[in-house]
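Colleague: 3D, please:
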Amino acid sequence: MLRNWFWLACGLIGLGGTAATWLLLPREREVSGPLEFIIKIVVYLLLIATIATFPRCGGRWTWLSVMPFVAFTGYVIPRISYYYYFDREQLHAGEFYTHLYLLLYPGIVLTTALALRVGGAAAGRVVKVAVMGVLIVFSGFLDVMWQLVNPLDHIAETLDAPHIVVIVGRPVSFTEAIWFTVAHVPLAVLLACLPLQRWMQIFDDQPDEAPPGAGGTQPPAVQPGGCPLAENQHEPGTAADGGVNLSVVAPAYNEEAGIGQVVDEWVGYLDTSNWVRDWEIVVCNDGSSDDTHRILAEKARTIPQLHVVEHAQNLGAGAAIATAIAASTKDWVVLTDSDGQFPLSNLERFRPAVVAGAHAVSGCRVNKRDSFVRRLGSRMSGAVCNMTHSTSYRDFNSIFKMMPGEMARSMTLESCGLSCSTEIMSNLILRGVSWTEVEIEHRPRASGRSSWGLWKGARDRYLFVRYLATRVRLIHLGLLRLPVEVMA
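Modeller: A predicted model of the protein is given here:
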């Protein structure tokens, strides 16, 4: 009911403001002063809010998007053509630009937004598209391009663009206009990264039937925090008050130089921690060609809690993680690497969140000790994954995670390579799990070198993130079902 009133209020005020703007304000220039500029921006945003919160989504309302299209193609385009070819006095008086900026361009932006909304797009996505259009028209981009794409003898020394003059206070040079446009790029990037879909979910229609891809069954019952729990399973927080039973899970590939030291460090923490009651370490030797197998076997003879599983050939970090998870037995599972970059003492930072009842905790590397290229790739792929899932996690790709054992062992992982951490994050989000992010320490590799190659790694990351985005989209469209174990 509230969202219906909000939509109606925005619509009435927006339409009234549109009429007042067109009929009462002077039309010699599309923007004559700061107050007029503010009024028109507010009216613009009200119309965007009206469209974005329109409650009746679906194909049967598509005809609505045709009406404004007919209006501005049937009136505005012939009108500005008349000014340009016949009525030169009105052209120089500003009527041409008034129609262009106040009717034609807003008509294009708002019609696109309306078509998205009645086609079923989320309110947040509609706002992103429409506001991006507003940014473009008021950024000076059109004024700069007018100088560049038209066959002019020379570029004007000064541009008297009204919306720029209102902000800057004077006409600007062509170079200044370019900088004015470029200054809007960070705003566009910020807008693209904001999780508006999640923030505006209240305005999206919620179907009474099961969600797309659920095969007609009802979604699993969830406990506070959004995590499906198995029958007779207690909330993790209640078990964590007095300590946890922990499986430390890691892949290992050609780590002979440092694996022994890393295992000793893990054992040292687990033996002395007053939070870990019972523990095991499960390492999957992923077909290493060096002495990793021998070193792990020697450690296992002296450390009963160390279990080593083997791959006859190298299958990739994702496959090794999946094998190690399947071999784990404890109530909680911690995922990590065997290169020493993630101190196991980071679990002390997880402890408050787990005790408070968090169902899945992910480590956020605030000071990543990786190369610039790897940090850039991780940040870019994380931004894409956040946009795909309408989330705002700071470190989507961190492998250092803690979750209930049954939850971890119920996952089906498809990734073979280093993108497994991204896939795990995505899988649990699709299950309705809200990750709790905790800042952790991240160190340089203890020894050896990463198997992640620059070009191959970048290609693999790009292809896998694109696959995840397509998969999530197909699930939302009902063209792909969630795995059976996710729905159970």
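
Colleague: use CA for all of it now, contacts and neighbours both
Modeller: OK.

Colleague: show me where pLDDT drops low in the stretch 201-350 of the chain?
Modeller: Along the stretch 201-350 of the chain, segments meeting pLDDT under 70 span 205-241.

Colleague: If you count neighbours, what's buried in the helix or strand hosting R79?
Modeller: Using DSSP states H and E, R79 sits in helix 77-85. By 16 or more other Cα atoms under 10 Å, the buried positions in helix 77-85 come out as R79, I80, Y83, Y84.

Colleague: With stretch 364-376 instead?
Modeller: So, applying 16+ other Cα under 10 Å, buried residues of stretch 364-376: C364, R365, K368, R374.

Colleague: And stretch 170-180, by the same measure?
Modeller: Neighbour-count burial for stretch 170-180, with 16+ other Cα under 10 Å as criterion, is recorded at P171, V172, F174, A177, I178, F180.

Colleague: Cross-check the contact I'm expecting between the last one and F138.
Modeller: So that's F180. No: here F180 does not reach F138: they are 10.0 Å apart, not a contact under Cα atoms under 8 Å.

Colleague: The stretch 251-400 of the chain: helices as residue ranges?
Modeller: Listed in chain order, the helices of the stretch 251-400 of the chain (DSSP state H, counting those that start in this stretch) span 259-272, 292-302, 317-327, 347-355, 372-389.

Colleague: CA atoms only: put the fourth one into CSV for me.
Modeller: The C-alpha coordinates for helix 347-355 follow below in CSV (Å, rounded to 0.1, in the frame of the first residue of the first chain):
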residue,chain,number,x,y,z
LEU,A,347,39.6,-16.7,12.9
GLU,A,348,39.8,-14.7,16.1
ARG,A,349,38.3,-11.8,14.0
PHE,A,350,35.5,-14.1,12.8
ARG,A,351,34.7,-15.2,16.3
PRO,A,352,32.4,-12.3,17.3
ALA,A,353,30.3,-12.6,14.1
VAL,A,354,30.0,-16.4,14.5
VAL,A,355,29.0,-16.3,18.1
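
Colleague: what residues does stretch 150-160 touch?
Modeller: Stretch 150-160 has contacts (Cα atoms under 8 Å, 6 or more residues apart in numbering) with D143, Q147, L148, R170, P171, V172, S173, F174, A177.

Colleague: Show me which of these is closest to Q261.
Modeller: Set against Q261, the nearest of the contacts of stretch 150-160 by Cα to Cα is A177 (59.0 Å).

Colleague: Report the mean per-residue pLDDT for whatever helix or strand that closest one lives in.
Modeller: Remark: A177 resides in helix 174-182, with elements defined by DSSP H and E. The average pLDDT for helix 174-182 rounds to 92.

Colleague: any idea which of the helices of the stretch 251-400 of the chain is most buried?
Modeller: Counting by mean count of other Cα atoms under 10 Å, helix 317-327 has the highest mean neighbour count of the helices of the stretch 251-400 of the chain, with a mean of 24.

Colleague: The closest residue to Y44 other than its chain neighbours sits in which helix or strand?
Modeller: Excluding its sequence neighbours, the residue lying closest to Y44 (Cα to Cα, 6 or more residues apart in numbering) is G14, at 7.5 Å. Element membership for G14 (DSSP H and E) is helix 2-23.

Colleague: Which elements pack onto that helix?
Modeller: Judged by 3 or more Cα pairs under 8 Å, 6 or more residues apart in numbering; DSSP states H and E, the packing partners of helix 2-23 are helix 34-52.

Colleague: next SSE after the helix it packs on?
Modeller: Counting by DSSP H and E, what follows helix 34-52 is helix 63-71.

Colleague: Quick check: buried residues in that next one?
Modeller: Buried, per 16+ other Cα under 10 Å, within helix 63-71: S65, P68, F69.

Colleague: can you list contacts of it?
Modeller: The contact list for helix 63-71, computed with Cα under 8 Å, 6+ apart, reads G107, I108, T111, T112, L114, A115, V118.

Colleague: For it, what does the pLDDT average out to?
Modeller: Model confidence over helix 63-71, given as mean pLDDT, is 72.

Colleague: Mind listing the strands the longest strand anywhere in the chain pairs with, and their directions?
Modeller: Secondary structure assigned by DSSP state E gives strand 276-286 as the longest strand of the chain. Here strand 276-286 has these sheet partners by DSSP bridges: strand 244-252 (parallel), strand 306-311 (parallel).

Colleague: Per-residue pLDDT of the most centrally placed residue in the chain, please?
Modeller: In the chain, the centroid-proximal residue (Cα atoms, centre = their mean) is N386; its distance is 1.5 Å. N386 carries a pLDDT value of 86.

Colleague: Hmm, it is touching Y393, no?
Modeller: Yes: between N386 and Y393 a contact is recorded at 6.7 Å, counting by Cα under 8 Å.

Colleague: picking up where we left off before, just the contacts of helix 63-71 now: which is nearest S434?
Modeller: S434 lies nearest to V118 out of these, by Cα to Cα, at 29.3 Å.

Colleague: And for stretch 403-418, what's in contact with it?
Modeller: 230, 236, 247, 315-320, 322, 325-326, 328-334, 359-361, 420, 423-424, 427, 452, 483, 485-486.

Colleague: one more time with 7 Å, if that's ok
Modeller: Under the contact criterion Cα atoms under 7 Å, 6 or more residues apart in numbering, stretch 403-418 has outside partners 315-319, 322, 325-326, 330-334, 359-361, 485.

Colleague: can you check stretch 16-34 too?
Modeller: F37, V43, A93, G94, E95, Y97, T98, Y101, L102, P162, H163, V166.

Colleague: got a list of what the second one touches?
Modeller: Under the criterion of Cα under 7 Å, 6+ apart, the neighbours of V43 are G14, G17, T18.

Colleague: now the longest helix seen in the chain against helix 372-389, angle please.
Modeller: The residue-count maximum for a helix in the chain (DSSP state H) belongs to helix 454-477. Here the directions of helix 454-477 and helix 372-389 differ by 10 degrees (axes from the mean of the first three to the mean of the last three Cα atoms, to 10 degrees).
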